[in-house]
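Engineer: quick one, structure for this:
(one chain, ligands or ions: 1)
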Amino acid sequence: MSETLELDPRDRGGPAQPMLRVEGLKKYFPIRGGLLNRTVATVQAVDDVSFLVHKGETLGIVGESGCGKSTTARLLMRLMEPDSGSVVFDGDAVGDLRGITVNEMRRQMQMVFQDSYSSLNPRMTMAESIAYAPRMHGLGRKEAYDRAESLLAQVGLNPRQYARRYPHELSGGQRQRVNIARALALEPRLVILDEAVAALDKSVEAQVLNLLGDLKEKFNLTYLFISHDLNVVEYMSDRVMVMYLGRVVETGPVAEIYRHPRHPYTRALFASKPTLDPDRRTTEMPLTGDPPNPINPPSGCRFRTRCAFAEAVCAEKAPALAAPLDGDYDEMSPHLVACHLPAAQRAMGVHHV
Ligand code: SF4
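Structural biologist: Residues are numbered from 1 along each chain as shown. Just a heads-up that it's a prediction; the model follows:
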C-alpha cells in the first residue's frame with residue numbers, strides 16, 4: 001500500500017484499541033482496450049472508505065450489489081492489493097515493517113464466502129479441508145485432525161458421520177457449516193462473513209445465523225457481516241455501515257440507523273424493503289432505477305442522480321461523513337452521514353420503530 005498510519009507503539013493491542021481500523025481504502029480496476037491494450041477507463045469500486053470495527057462487535061455492511069462491500073472485504077483479506085489506504089489490525093499496521101505481515105493478519109482474520117461449494121476442495125474430505133490450514137501452520141497431523149473433528153461438532157455436524165464425507169455429499173447448509181469450521185480452524189479473532197447465508201433456504205439461514213451468534217460468544221469473535229438483506233443485518237449487527245457506489249454514506253448503531261435513517265439513500269433503501277409490520281411503514285419514496293455506472297460515477301455526491309433533494313452543491317463536491325446536526329454524538333459509536341443538506345437528512349414520515 002502506498003500510505004500507512006504512523007502508530008504510537010503504546011497504542012498497540014488492549015481492549016480500547018479497535019480490532020480493525022481502515023483508513024482511506026481505495027481500489028480502481030483498470031479497463032484496457034485498443035491495439036496497445038492501454039487503460040481506457042477505470043471502475044471506481046472502492047473509493048476512500050474508512051471505518052473502525054471494535055472488539056467483540058458485529059459491524060454490518062449493506063448496500064445494493066456493486067456498492068463495493070465485497071471488494072472491501074477482499075481488500076481487507078489482501079485477496080487483491082488496494083491502490084491506497086491503510087489497514088491496522090489491533091494496533092498493528094498490516095504489511096508495515098513495524099506492524100504485522102499479511103500472513104499473520106490472515107491467521108487472525110478469516111473469511112466465509114457465499115458459495116459454499118466452490119469454497120471447498122472437491123477432492124478433500126471435510127476433516128481434511130478443516131485440518132489443512134492448521135497443518136500448513138505447523139500443527140501435527142493428529143492435533144490438526146482432532147481440532148477438525150472438534151470444530152465439526154461445534155458447528156453441529158457429528159464428526160463420525162461427516163468427517164470423511166466430500167463436499168458433493170453434503171447439503172448447502174452443511175457445507176456452509178464446514179466452511180465456518182474451516183474459518184475457525186486457525187483460531188482467528190475476526191471473521192468476515194461475505195453474504196455467508198445468502199444462498200441458503202430461509203429455515204437453514206436462521207439456523208446458521210443462530211450458530212454464528214453462538215460461536216461468536218464461545219470463541220470471543222468479532223464479525224464483519226456483509227449482506228444485501230437488511231433484516232439479516234439488523235438481526236446480526238451492533239453497528240451498520242451503508243455503502244453506495246464505492247463510498248460509505250451512513251454509519252452508526254444499528255438501532256439508531258434502522259429507527260432514524262438520515263441519508264436519503266439509506267431511507268430509500270429501507271423504503272424498498274418489504275414489510276408486513278404496520279409500525280415499519282414509511283411514506284418515503286423507495287429506490288428507483290439502477291445505480292449509475294461505476295466507470296463514470298456522478299461528480300460530487302454519487303447518489304445525486306437518484307436523490308429527490310439534490311441541489312447544485314451536490315454536484316460540486318463529495319460530502320464528507322459528519323454527525324447529523326440534530327443528533328447526539330457518541331464517540332465510541334457515532335452516527336455519521338455523508339450528505340451536504342441538513343434538510344435532506346430529516347426523514348419525512350419514516351416510522352422505522
Ligand atoms: Fe442528496 Fe445532495 Fe445529500 Fe447527496 S448530498 S444525498 S444528492 S441531498
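Engineer: might you enumerate the residues of this protein proximal to the ligand?
Structural biologist: Proximity of the chain to the ligand, by Cβ under 6 Å from any ligand atom, involves residues 263-264, 301, 303-304, 307, 309-310, 314, 319, 339-341, 344. Where C-beta positions appear, they are placed from N, C-alpha and C, glycine not excepted.
Engineer: neighbouring contacts of stretch 98-107?
Structural biologist: 4, 7, 9, 77-78, 87-89, 92-95, 137, 186, 188 (Cβ atoms under 8 Å, 6 or more residues apart in numbering).
Engineer: from the contact counts, what lies against the longest strand seen in the chain?
Structural biologist: For the chain, the longest strand by residue count, based on DSSP state E, is strand 38-53. Identification of packing neighbours for strand 38-53 by 3 or more Cβ pairs under 8 Å, 6 or more residues apart in numbering; DSSP states H and E yields strand 20-33, helix 69-76, strand 84-89, strand 247-253.
Engineer: make JSON lines from these and add mean neighbour count and mean pLDDT to it.
Structural biologist: Listed next are the helices and strands packed on strand 38-53 as JSON lines, based on neighbours: other Cβ atoms under 10 Å; pLDDT from 0 to 100:
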{"stretch": "strand 20-33", "mean neighbour count": "17", "mean pLDDT": "94"}
{"stretch": "helix 69-76", "mean neighbour count": "22", "mean pLDDT": "96"}
{"stretch": "strand 84-89", "mean neighbour count": "22", "mean pLDDT": "95"}
{"stretch": "strand 247-253", "mean neighbour count": "24", "mean pLDDT": "96"}
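Engineer: who touches the residue of the stretch 151-300 of the chain at minimum distance from the ligand in this structure?
Structural biologist: The nearest approach of the stretch 151-300 of the chain to the ligand comes at residue 264, 4.5 Å away (Cβ to the nearest ligand atom). By Cβ under 8 Å, 6+ apart, the residues touching residue 264 are 303, 307-309, 339, 344-345.
Engineer: out of the residues you listed, which is most surrounded?
Structural biologist: Neighbour tally across those (other Cβ atoms under 10 Å): the maximum, 27 neighbours, falls on residue 303.
Engineer: so after the longest helix out of those in the chain, what's the next helix or strand?
Structural biologist: Counting residues, the longest helix found in the chain (DSSP state H) is helix 202-219. Sequence order places strand 222-226 as the next helix or strand after helix 202-219, per DSSP states H and E.
Engineer: got the end-to-end distance for stretch 300-307?
Structural biologist: Using Cα to Cα, to the nearest Å, one end of stretch 300-307 lies 13 Å from the other.
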